[in-house]
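**Student:** model the structure of this input:
(chains A, B and C)
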Amino acid sequence: MRSTYTLTISLIASAILATPLLYYNLSLLIAELPTIAGFNFASWPPLGVDFKVILNVFYLVFSTLLLVPAIIYSSPVAYALSLIIHAFRGDYGVLLSAVYVLPIFFYGALSVFSEGWRAGQLYSFRFNVSPFLVLAMGYSSIMVLVVLASYYSGILLWGYISALRGVRLDKPVLDPLVDFFTINPVGVVILVGFMALGLYLFSEALAETLISYVKPSKLVAVKVLRDMDFEAPIKPPLSSLRNMVISLALSPPIYYLVLLNLSKFGFISEDPIMGVLARWASSLLVLAVVWRILTRLLTRFDEAEPGPWNVILGALLIVLLYGLAYVAGYWNPGADGLSPSRVDEALKNIMLGYYTTLFDMVKLILVLVGVAP
Amino acid sequence: MRKADSMKGGFKERGRRKLLLASGVLLLALTLVGLVAVLEKGPISIPVTVGAHPFNRGPFGAHSLYSMLSSNYTVTPVYNWSQALAQLANCSKALIIIVSPEIQYTQGDVEAIRGFRDKCKEIALIIGDETGSSNRILEALNSTIRIQGALSPNPHPIVSIETPWGWRGLLALDKASTLTTKGAPTLIGWDLLAGEAYAYYEDMGSFKAVVLGDGSIFLNQVLQSNASEPYKSFLSSTVTHLCGGECTVYLEASKYQGLEPMKALEYMRDPRKAALIDPSSFLATIIANAIHPSTWLPPLLNYINNLVLSLSRDVSLGGILMIFSVLALTLMLMSKIERVPDAFLEDVREVDWYGYGELSGRILAEGARLGKRDFLTLYSIVDGVLKSLTGASLESEDAVKVLESRGVEGAKAREYWRFMNKYYRRALGKTLWPPIVFWGRVCRESIELSESVLRALGVSLMEVKGLEERTV
Amino acid sequence: MSGIVASTGRVSAIILVASALIALDVFWAVDSGALGLTLIGFLAALRVYNAVAQTSLSACRVYVDVKGSVEGKPLTVEYNVCNNSWIPIALVEVSLVYPSYLKLVRGSPGGLTVIPPRECVKYRAELLARVGKHKIGPLKAVLRDLFGFFRGLELTLGDPVEVKVKPREDESLRRVLLEISRSVGLSRARRPGEGSEFYATRDYKPGDEVRRVYWKALAKGRMAVKEFERESTLHTLFLILADKSMLYGPQLSTPLEHIARITVTIARHLASKGDYVGLLVVSNGKTLGGRLERGWKGYRRVADALSNIDYDSIIGSTENPESGISPEQLVGKLLASTPSREKVNVILINTVEGTEKYSRQFKKLQSLKACTLHSFIIIPHLYGIEKLKAFERAVYRIKTYEDTRKAYDKVRELRREGIKAVPVTPWDAAAKIISKLETVRGLA
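**Tutor:** Residues are numbered from 1 along each chain as shown, chains lettered A, B, ... in the order given. Sure, this is the predicted structure:
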């Protein structure tokens, strides 16, 4: 039961709020008209056409068009977009002028009122005037506090950022990185973004933590808990590490069989460098594949009821193992499986070979991050 | 009643978020710190192993020896003799193997190896060396054997081996050096042609030594070749003899050169030198250097910085860059600020007329949309009333008389009867006349006409107390 | 873990402007960066205030008061929301939860308000009271930032209140009833018998009591005795089988409400005559009301039972067709409410749509020796017809004629099955029920 009366009022107010910017846009547009009229678009390439003017007019038209949804829906976002387009055309005066910036806040208030105000609510809510004077005073003093706090935090943080931007190092390797965050505008924007985010999130966390300690509310706590999604699957901690360990145990025979098959078909180069590279690549590949399959397999067990996928993936591992053994000539389906003595002998070599190869690479990672010499 | 979900407002979506233990920002910050540290440390250099190093898998490496031994014994590659000695606890039997050391032994090394002899009950030594670098060790351990160090006149001698422990055979040496002695060790290897000594065995009780004037028989290219069998069996019989059942093997790994990556790359261009290089450490070096941030990050950042700065100097390009920056900054901030759709509270939607409310609402709102079916219904209503009150059917002409008798004006009654039956027959499809019928209008007219006729019979369609009791 | 207050899409307006100000400073050295950060700081600080205000809102004390319990009169709901903290709460959007079948006649179903520190805000709304039991409240509330940048979690203020509304007595019906019964007082059967009211004189017969000799006639030489009109006591049980179609029609004019008015008016009339009266309402497998009681006690019980009718359970009855009451259960309930040895007149009221559901129960009741069943079948779609204009009424009649005919067919079918059912319309239900009762009394 939203009142049409309030909707009309808010529409009028909305139009009044947009008037300064609308006037500004239109006056600029009109000023550009004679310039555009002087362009000769008939010839190609057009004569006397300054594309900067065209771009400027395009920006102005776009900005003006955005004011339409801003007025109809009392939308602060549309208004803000219309406003910052001026910054893109290099005219930042409007962004620093209260006449143009303050309507954003009023648009917010207007949309709250136009949607939240119900017809006939003046009967439903009866007010005494005096407490509302207290309220008005209290609210305004809170707003003053809010503005002061934000002003000083803004100044302080910007000072800090400016100081950071003054940092110079004489380390040739680090200089480009430092320059990125001090001289490069894109880098500075990212830096400021993090700072601003930090300011916001810190105040948010601080307020909520303090409130929940100083004035705990059962109602709010229960409500927050109820709104959480309890259907989220729980992933056991360090499960990827666990899967890694199992994969490490499972990989050697597969790796060995893969290698046997590769050399059988001549894929392992005789060249020592290429040979090492092939061994590394295949050991990593095997580990990755086994890890992936195991993760899928075990995570499904962790998170939900085991489904057909678990069976398929488990079967896939076994088929892979036996398939490779068969191709390598290790396993003869006619015989009684693998001969134990050969397996026993082979397994040790297999494990040793695999881990030596793998640890060569692990060593490389350690060296890279500076743990080992 | 109203379901609870409509009351939840916009807060439902929030719960769907993934719960993260460490936030993305934290991870990003840590990565940045790590990056700075890695950059600060500068590019790394892994020395490429060259020569008879136990971990060199190249043809001139000793990795095969290392793997052969490690399948039966505990093998410790020694990178630093002093450290190895310091880590030595109770030692019963130790075997030290030195293959073609390329760097001279220092006094410290010598003393450390001497320390081995003092600490262990028994100590054995196998030296395969053509350079003479290991003479200091032999000297320190009071051995009488010395390696000449210079290439022998016949650099590829065929040596006959005959050992006290029973191994006999011929071994081909490569770039070997002859041996000399001042004492009386057992000669176990000599050149078949020239008779020069190439291998001695010396047994001094707690210290035994086997010295060969050539390290090449311990290298990968020999032990991995097709003709490796005699070399392997000589080696294993020697080790078995010196070690007995159990001992710890110390394999020299400290006296070989490590090559700088760039130098290694140079070596790789020369096929002869390439054989010296360990392929895995060479690869590791190349990959490590390629992916190390210090190799690519500073130039990349420099490039980006210069690009952005030159772009931002241009007004229109800078404007576009700024648009993207503003959008990126906005998205970055918005992504972290928790948001809900601004749903206003939904008020109760009252139901004024339950059941037939939809029909009555439609009738009230848009008047009535009447059709052929409604006309037929009306016809049957009037017909029913007539039948129940007078016994006459509306279809028969008697109805006119009956209506007249009930006070309906004669002409009006006939007119009504004609009207109703004309459209009744048309509706049933018994006639095609009139060809075009606006049933809505016909219905309206017939309702008005019927009402006056029905009133004459004491029944009404339009009054509250209607005709239900009479008709059905 | 955050979440008691969240931002709305409108913050992106401020963030856009702030980003633009920051970018201007960085790209073109405009010196607006601090202002941009100030805007973000403003959002942060505003959020802190909103979180505090939200906590104050959730800690508000709420007092609920509902006035009015007579059908057709206003039902005033009043919520007093008191802010105990020193924090002004601005703004709060509230919305009253009430059954959709009730109508708000004055005020708004919700609105925007502010709650001053250490003060109360009163929310009041008037609903149109309908007979039965209704759950009103709680008040849904959401904290809203004045600029619309933030929105709090939806809260409920106060607990729902249960309101019982008694049926209004039908004045015109009362007058009719008064006319029908020739006098107020004890009931007479229009037959000679035991009683206190003079009926007629007749010739003396041997065995007549001497004290009944009509002395005035004797003086004229005729031996006659006075006869008195026999007094009768009726035992009447109203049995309402309520299903969804009992609530068809516009508010206050539904079959249920109409029947409730008829029932309570007749019950008063019967009570005034000292008859036994009772009411049993069956809906969704549950029964309401019970025992027959004599006089005013019976009347009060009937009125109470009517004000306990739960609309939600009636609406739910059709959604769950299994939740009916078995004939045996119904008879059990019935016999439990009629302990008297006298024969009970059961006035069964039911809609056409419900007859299908209850036909087995009808037969079982009819076979009972302890009672006489008078069943009235309501045609629900005729309810509300008076709200339409003349021509619209004719159209409505035509459109629903098929249903009307089906309803009468259904009644005929019941009659063929031996159930004495009478179809009733909104305008003749009362008359038919009363005349049935008077006939019964005449026979008693």
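
**Student:** so, low pLDDT: which residues of the chain?
**Tutor:** Unless you meant another one, I'm taking chain A. Along chain A, segments meeting pLDDT under 70 span A:1-3, A:41-48, A:227-237, A:270, A:272, A:299-307, A:328-349, A:364-373.

**Student:** not quite, I wanted chain B
**Tutor:** The model of chain B has pLDDT under 70 over residues B:1-25, B:43-46, B:152, B:366-368, B:469-472.

**Student:** got the residue ranges for the helices in chain C?
**Tutor:** Assigned by DSSP state H, chain C shows helices spanning C:11-28, C:33-58, C:171-180, C:215-219, C:255-272, C:295-306, C:311-319, C:327-337, C:352-366, C:390-399, C:401-416, C:429-443.

**Student:** correction: the previous question concerned the stretch 201-350 of chain B.
**Tutor:** Using DSSP state H, counting those that start in this stretch, the helices found in the stretch 201-350 of chain B span residues B:220-223, B:229-243, B:261-269, B:271-274, B:279-291, B:293-313, B:315-336.

**Student:** same list (those) but as JSON lines, adding distance to residue C:359 and mean neighbour count.
**Tutor:** For glycine as for every other residue, the C-beta is placed from the backbone atoms N, C-alpha and C. Converted to JSON lines, the helices of the stretch 201-350 of chain B look like this (distance: least, Cβ to Cβ, whole Å; neighbours: other Cβ atoms under 10 Å in any protein chain shown):
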{"stretch": "helix B:220-223", "distance to residue C:359": "101", "mean neighbour count": "20"}
{"stretch": "helix B:229-243", "distance to residue C:359": "104", "mean neighbour count": "18"}
{"stretch": "helix B:261-269", "distance to residue C:359": "99", "mean neighbour count": "16"}
{"stretch": "helix B:271-274", "distance to residue C:359": "103", "mean neighbour count": "12"}
{"stretch": "helix B:279-291", "distance to residue C:359": "86", "mean neighbour count": "20"}
{"stretch": "helix B:293-313", "distance to residue C:359": "86", "mean neighbour count": "15"}
{"stretch": "helix B:315-336", "distance to residue C:359": "64", "mean neighbour count": "18"}
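
**Student:** distance to residue A:195 for the ones you listed - can I get that in a markdown table?
**Tutor:** Below are the helices of the stretch 201-350 of chain B laid out as a markdown table (distance: least, Cβ to Cβ, whole Å):
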| stretch | distance to residue A:195 |
| --- | --- |
| helix B:220-223 | 58 |
| helix B:229-243 | 67 |
| helix B:261-269 | 41 |
| helix B:271-274 | 54 |
| helix B:279-291 | 31 |
| helix B:293-313 | 20 |
| helix B:315-336 | 11 |
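
**Student:** between those helices, which gets nearest to residue C:161?
**Tutor:** Among those, the nearest to residue C:161 by Cβ to Cβ is helix B:315-336 (42.6 Å).

**Student:** quick check: what element follows that closest one along the chain?
**Tutor:** Following helix B:315-336 in sequence order, the next helix or strand is strand B:353-354 (DSSP states H and E).

**Student:** related to what we said a few turns ago, let's have the helices of chain C in CSV, adding mean pLDDT.
**Tutor:** Below are the helices of chain C laid out as CSV (pLDDT from 0 to 100):
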stretch, mean pLDDT
helix C:11-28, 93
helix C:33-58, 93
helix C:171-180, 83
helix C:215-219, 83
helix C:255-272, 92
helix C:295-306, 93
helix C:311-319, 72
helix C:327-337, 74
helix C:352-366, 79
helix C:390-399, 89
helix C:401-416, 88
helix C:429-443, 84
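
**Student:** just name the most buried of these.
**Tutor:** helix C:11-28 (a mean of 27; mean count of other Cβ atoms under 10 Å in any protein chain shown).
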